[in-house]
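dropping a prediction and its sequence here:
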Amino acid sequence: MHDFGHGGFSRRRRRSGHHHDLSGAPLWVKAFVWAGTLLAIAGLGVVMYGVLMPTDVPVPAPPGFPSPPHRPTPSVGGPNLPLGFGLFFAGFVLTAIGTLGHSTSKRR
């Protein structure tokens, strides 16, 4: 019979001393995790901005000037889509490096 009184967690696991927060991590680990998180959020913002903004708005030519040559409309996400994915991927890599550094560093 299973004991449901402790929420499924054993007492031994809670007392083992493994901390999943960054309070005892070295400064470089915290910097990598924060920078990576901010880069990933910025990348998602750039992607979402490109996806949600209309890209087929015509630009009128001033009177007396010929209209600009017709350019093909960019794909979904606009021209900044690769930038957004690049920022997100760079943020993911920095966060992964910081997390691996936290898991291998000695606790203070």
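Arrived safely, thanks for sending. Residues are numbered from 1 along each chain as shown.

ok, which stretches of this structure are helices?
With helices called from DSSP state H, the chain shows them at 11-14, 27-52, 81-104.

mean confidence score for the shortest one?
The average pLDDT within helix 11-14 is 50.

use 54 as the first number from now on
Understood, numbering begins at 54; the last thing we discussed is helix 64-67.

any chance of the helices of the chain in CSV, plus distance to G117 and mean neighbour count?
(C-beta placed from N, C-alpha, C; glycine too.) Shown next, in CSV, are the helices of the chain (distance: least, Cβ to Cβ, whole Å; neighbours: other Cβ atoms under 10 Å):
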stretch, distance to G117, mean neighbour count
helix 64-67, 76, 8
helix 80-105, 33, 16
helix 134-157, 35, 16
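
could I get those as CSV with distance to P116?
Output for the helices of the chain, formatted as CSV (distance: least, Cβ to Cβ, whole Å):
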stretch, distance to P116
helix 64-67, 74
helix 80-105, 31
helix 134-157, 34
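
nearest to D74, of these?
helix 134-157 (9.4 Å; Cβ to Cβ).

can you pull out the low-pLDDT segments for the protein?
54-73, 107-114, 120-130, 159-161 (pLDDT under 70).

could you rerun that using 80?
For the chain, the stretches with pLDDT under 80 are 54-75, 106-132, 158-161.

for burial, what's the neighbour tally of S158?
Using other Cβ atoms under 10 Å, S158 has 13 neighbouring residues.

give me the phi and psi angles of the closest residue to it other than its chain neighbours.
The shortest distance from S158 to any non-neighbouring residue, by Cβ to Cβ, 6 or more residues apart in numbering, is to P79 (5.5 Å). P79 adopts backbone torsions of phi -60, psi 160, taken as degrees, to the nearest 10.
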